[in-house]
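Undergrad: turn this into a structure:
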Amino acid sequence: MNIIRRLLGRKVQPPSTSQEVRPELGEETAEPQTISIPGVAAEIAVDAPSGAAALGVTRQLPTLEAALSRPNQHIAYGHGTDVGQVRTNNQDAILTFFACQGNADSIPDFGLFVVADGMGGHHHGEKAATIATQTLAEQVTRQVFLPMLTPRYEEVYSGPPLLTEILTKAVRASNDIVAKHVPEGGTTVTAAVVIGDLVHIVHVGDSRAYLITREYGIEQVTRDHSLVQRLIELDQLTPEEAALHPQKNVLYRAIGQSDNLEVDAVTRRLPADSYLLLCSDGLWNVVPETEVHRIVLDSETPQHACDRLIAAANEYGGPDNISVILLHAPG
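TA: Residues are numbered from 1 along each chain as shown. So this is what the prediction gives:
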């Protein structure tokens, strides 16, 4: 991948975006509410009704007990990464971590899932992606997961910060470390933290997150920080033209490429029997969404689906590294 700032100079400022958060289909919005989970807090903003401003509108959340996984039913997941058919090394990095407890404290299930697509040359990209995933894991484990394991945590804790704030700071910490140690490299990052049936996603670049259901199909949850996506939003390109554009891989936002990094944050509730797919552009750029949807729903397990998705990308020529993580929420 290329970085647009290298084409236009370091003074280029990325277009401003705001957090995108959406409710489940058919749900009504309500007054601002927050939910506290041991060690963290989650605040969900949702799209306002048609014609209204989305900022400041939130959906009422259930009690903590309603957010917990049903007894003995937990998220299943699979993952995989592949060099593809053209590249000589794999500059992608993935990380998966999931924990569940059964004890008197009723702590919800916790998971961290990260896909990073490195850029900047043979070794620079893979180093940047590795540093970004490891830094995110360290920050989230220390600030979110470990506090959830502290006995009588709520009795001594003065008030948890917002989870989205923690995740955003973790991404910016990754940005600082990559910029320092791999100045010629950069990487995308799409990371999901799952607590109970809530998923909190932070995102920079053009790796993607999709929500997949049998009833509503496949929905792209994240927004690409690419030149062609911005031109589509400005009605200067159609999606069909963007797919053939010579600069379709140029990014205006990536880890390690800017001192003041803007991070997108999205919070969604995982419906029963739904799937969350995180992937690099080595998958979504070559395998049609309709085929991705079919493979996910027709596969026996999330790991089987990941293996088939990687095989499909390679059948389409495998022009880039391919990385996928697939979560299945219990039905």
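Undergrad: report the backbone C-alpha coordinates of the helix or strand residue 306 falls within in CSV.
TA: Assigned by DSSP states H and E, residue 306 belongs to helix 302-315. C-alpha atoms of helix 302-315 as CSV (Å, rounded to 0.1, in the frame of the first residue of the first chain):
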residue,chain,number,x,y,z
PRO,A,302,-15.9,-20.3,12.3
GLN,A,303,-12.5,-21.9,11.7
HIS,A,304,-13.8,-23.8,8.8
ALA,A,305,-15.2,-20.6,7.4
CYS,A,306,-11.8,-18.8,7.8
ASP,A,307,-10.0,-21.6,6.0
ARG,A,308,-12.5,-21.4,3.1
LEU,A,309,-12.4,-17.6,2.9
ILE,A,310,-8.6,-17.7,2.6
ALA,A,311,-8.8,-20.5,0.0
ALA,A,312,-11.4,-18.4,-2.0
ALA,A,313,-9.1,-15.3,-2.0
ASN,A,314,-6.2,-17.5,-3.3
GLU,A,315,-8.5,-18.9,-6.0
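Undergrad: from the contact counts, what lies against it?
TA: In terms of contacts (3 or more Cβ pairs under 8 Å, 6 or more residues apart in numbering; DSSP states H and E), helix 302-315 is packed against strand 76-82, helix 281-284, helix 289-298, strand 322-328. Just so you know, the C-beta spots here come from the backbone N, C-alpha and C atoms, and that holds for glycine as well.
Undergrad: okay, residue 208 and residue 256: tell me how far apart.
TA: To residue 256, residue 208 is 19 Å away according to Cβ to Cβ, to the nearest Å.
Undergrad: circling back to that earlier point, so how far is the helix holding residue 306 off the chain centroid?
TA: Distance of helix 302-315 from its chain centroid, counting by Cα atoms, centre = their mean, to the nearest Å, is 19 Å.
Undergrad: run through who's touching it.
TA: Contacts to helix 302-315, defined as Cβ atoms under 8 Å, 6 or more residues apart in numbering, come from residues 76-82, 84-85, 275, 279, 282-283, 286-287, 291-292, 295-296, 299, 322, 324-328.
Undergrad: show me the contacts for the closest residue to residue 75 other than its chain neighbours.
TA: For residue 75, ignoring the flanking residues on the chain, the nearest one in space by Cβ to Cβ, 6 or more residues apart in numbering is residue 327 at 5.4 Å. Residue 327 sits next to 75-77, 111, 113, 192, 194, 199, 270, 275-277, 302 when contact means Cβ under 8 Å, 6+ apart.
Undergrad: closest one of the residues you listed to residue 238?
TA: residue 277 (24.7 Å; Cβ to Cβ).
Undergrad: is that closest one located within a strand, as I assumed?
TA: Yes - counting by DSSP: H, G, I helix; E, B strand; the rest coil, residue 277 is found in a strand.
Undergrad: give me the neighbour count for it.
TA: 26 (other Cβ atoms under 10 Å).
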